[in-house]
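*Asks:* build me a model:
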Amino acid sequence: MHYMTVYDITFKGDIWDIEITDYENYFIDITPFQDCSDIHLYQTGQAHVIVNKYNELIIEEFVGYFEFVYKEQSLGIWEIPEEYNIFRQACLGLANIYKYFRKQKLNNKPYKLITTGADLADW
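*Replies:* As a prediction, this is how the structure comes out:
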C-alpha cells in the first residue's frame, strides 16, 4: 500500500525556475516560458503540496501571488485569491500571461503585465 506524503509550505518571494518536470506537471506548451526566460517569476504564499511516486513535490493548491521581474524591475503582481486556489488553474493563467509577454517580445514592444484571460475570477 502506498501512502502519500502531504505538506503545507510557505513561499516567501522564492524564484520559480521552471524546469522540465514543471512543464510536465503543470503546463502544456512550454514555448512562451522558454521565449521569455528573461522574465523572472517569484512566488509568495501558502501551498498544499503532495509528493508523487517519483518523489517530486506537486503543488495542488496555492493562495498568494506571483511577481514578474524583468531586469530587476517589477512588471507587476498577479494575485491568486483563496477561492481560486487550485494550482493547475493558476498555471493556466500563468501560461496566458506568458503568451502575452511572448507576443510583446515578438512585436518588439516593452514588457507589460496583462492578466486578461488569466484572472481566475473571469473563468
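
*Asks:* got the CA positions of the helix or strand Tyr100 falls within in PDB?
*Replies:* Using DSSP states H and E, Tyr100 falls within helix 87-106. C-alpha atoms of helix 87-106 as PDB (Å, rounded to 0.1, in the frame of the first residue of the first chain):
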ATOM      1  CA  PHE A  87      -2.800  25.300  -8.700                       C
ATOM      2  CA  ARG A  88      -3.400  23.800 -12.100                       C
ATOM      3  CA  GLN A  89      -5.800  26.600 -12.900                       C
ATOM      4  CA  ALA A  90      -3.300  29.100 -11.700                       C
ATOM      5  CA  CYS A  91      -0.800  27.600 -14.100                       C
ATOM      6  CA  LEU A  92      -3.300  28.000 -17.000                       C
ATOM      7  CA  GLY A  93      -3.400  31.700 -16.000                       C
ATOM      8  CA  LEU A  94       0.400  31.900 -15.900                       C
ATOM      9  CA  ALA A  95       0.600  30.400 -19.400                       C
ATOM     10  CA  ASN A  96      -1.800  33.100 -20.700                       C
ATOM     11  CA  ILE A  97       0.300  35.800 -19.100                       C
ATOM     12  CA  TYR A  98       3.500  34.400 -20.700                       C
ATOM     13  CA  LYS A  99       1.700  34.200 -24.000                       C
ATOM     14  CA  TYR A 100       1.100  38.000 -23.800                       C
ATOM     15  CA  PHE A 101       4.800  38.500 -22.800                       C
ATOM     16  CA  ARG A 102       5.900  36.400 -25.800                       C
ATOM     17  CA  LYS A 103       3.600  38.400 -28.200                       C
ATOM     18  CA  GLN A 104       5.100  41.600 -26.800                       C
ATOM     19  CA  LYS A 105       8.600  40.300 -27.300                       C
ATOM     20  CA  LEU A 106       7.900  39.200 -30.900                       C
END
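
*Asks:* can you report the mean pLDDT over the residues of that helix?
*Replies:* Helix 87-106 shows a mean pLDDT of 92.

*Asks:* what's it in contact with?
*Replies:* With contacts defined as C-beta atoms under 8 Å, 6 or more residues apart in numbering, helix 87-106 is touched by 26-29, 31-33, 35-36, 39, 41, 47, 59-62, 66, 68, 78, 80, 84, 110-120, 123. No exception for glycine: its C-beta is placed from N, CA and C like everyone else's.
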